[in-house]
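Engineer: Can you look at this prediction? I've put the sequence above it.
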Amino acid sequence: MNSGLQPSPAKRLRAMHGALAKAYGPQHWWPAETPLEVILGAYLTQNTAWKAVERSLANLRDAEALSLDGLRSLGLADLRNLIRPSGFHTRKAPAIKAFVAMLDEEFSGSLEMLAATPTEPLRRRLLALPGVGQETADAILLYALRHPVPVADEYLRRIVERHRLISPPVDHGRRGYQSLVRLTREAFGSDPPGLHERLFNEFHALNVAVGKAHCGRTARCTGCPLSSDLEWISGQE
DNA sequence: CGCCAGGCCGTGT
DNA sequence: ACACGGCATGGC
């Protein structure tokens, strides 16, 4: 067993989550929103500040388009204009339309039926949609459809890399993403399975919180709640 | 003004 | 199976 004085990467990650939970408290991500709003948020927030997403969602609400029926009766050009504040509208608008079409054609227009699909086939179906990559698929699975799956993102990639939980570099590709997911699963492996959905929810939300504050593209680690973990690192490059 | 944001996709290697 | 650039807009 890792012959050393140092806890496993998974245990370190679990401890880091505890430290973040203590430092930042409950993040209550998407507590009161409907599953559809969560899904729209997942599309709109791709490489986009959440502030801008809120503006788009407000536009949709004002246009009575923040519902499945509202979206169905909305033309593509109108949808594009309403979500313009969050950017990439020429990609995101058709992608959202494609999601609704998939829901109507394969799940009788029912998010409940979609959610009732087993996790693995469901994840593959979401990934096959335009504009849905691994992170968006997992975010929809976890936050909208309530499946207990980890969500990895660029912040977690940087955190794991900079704390040397995985020997760098950690790829931006599919392989790197899955290695982050596996590490996260292992980190929470000793927690009761019934708590995983709630834990993965907080985990990703806390990673975003600490990432925004302390783990940007150019490191700004001073004052980071995770800085004590850095004592495990020998060669900081 | 420049950098970056809760990524994804097509192309080239 | 990556790395890279494009995609759009707005906050700071």
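Structural biologist: Noted; the coordinates are in hand. The structure presented is a predicted model; accordingly, all values stated were derived computationally and were not measured.

Engineer: Only C-alpha atoms from now on, for both contacts and neighbour counts.
Structural biologist: Will do.

Engineer: Residue A:177: what's its closest spatial neighbour, skipping adjacent residues?
Structural biologist: Once flanking residues are discounted, residue A:177 sits nearest to residue A:152: 6.5 Å by Cα to Cα, 6 or more residues apart in numbering.

Engineer: so how many other residues sit close to residue A:228?
Structural biologist: Residues lying near residue A:228 (other Cα atoms under 10 Å) number 11.

Engineer: so how far is DNA strand B from it?
Structural biologist: Separation of residue A:228 from DNA strand B (Cα to the nearest atom of the strand, to the nearest Å): 22 Å.

Engineer: ok, that residue - contacts?
Structural biologist: If a contact means Cα atoms under 8 Å, 6 or more residues apart in numbering, then residue A:228 has no contacts.

Engineer: Now do residue A:4, the pLDDT please.
Structural biologist: pLDDT recorded at residue A:4 is 66.

Engineer: number of nearby residues for the residue nearest to residue A:177?
Structural biologist: 25.

Engineer: Give me the pLDDT value at it.
Structural biologist: pLDDT recorded at residue A:152 is 98.

Engineer: Correct me if wrong: it contacts residue A:181.
Structural biologist: Yes: judged on Cα atoms under 8 Å, residue A:152 makes contact with residue A:181 at a distance of 6.2 Å.

Engineer: Stretch A:104-122 and DNA strand B, are they touching?
Structural biologist: No: among the residues of stretch A:104-122, none lie within reach of DNA strand B under Cα under 7 Å from any atom of the strand; the closest is 14.6 Å away.

Engineer: So what would you say the end-to-end distance of that stretch is?
Structural biologist: Length of stretch A:104-122, first residue to last, Cα to Cα, to the nearest Å: 15 Å.

Engineer: For the residue nearest to residue A:177, give its distance to DNA strand B.
Structural biologist: Distance, residue A:152 to DNA strand B, by Cα to the nearest atom of the strand: 9 Å.

Engineer: what about that residue, which helix or strand?
Structural biologist: Using DSSP states H and E, residue A:152 is not contained in any helix or strand.

Engineer: now do the one 4 residues further on
Structural biologist: Taking DSSP H and E as the definition, one finds residue A:156 inside helix A:154-162.

Engineer: which residues are contacting that helix?
Structural biologist: The contact list for helix A:154-162, computed with Cα under 8 Å, 6+ apart, reads A:166-170, A:172, A:177, A:180, A:207-208, A:211-212, A:215-216.

Engineer: So among those, where is pLDDT lowest?
Structural biologist: Among the contacts of helix A:154-162, pLDDT bottoms out at residue A:216, giving 85.

Engineer: Over to that one. Which of the three states is it?
Structural biologist: Three-state call for residue A:216 (DSSP: H, G, I helix; E, B strand; the rest coil): coil.

Engineer: which bits of chain A sit near DNA strand C?
Structural biologist: Contact residues, chain A versus DNA strand C (Cα under 7 Å from any atom of the strand): A:47-49, A:51-52, A:84-91, A:171-176.

Engineer: and those, which are buried?
Structural biologist: A:52, A:84, A:85, A:86, A:87, A:89, A:176 (16 or more other Cα atoms under 10 Å).
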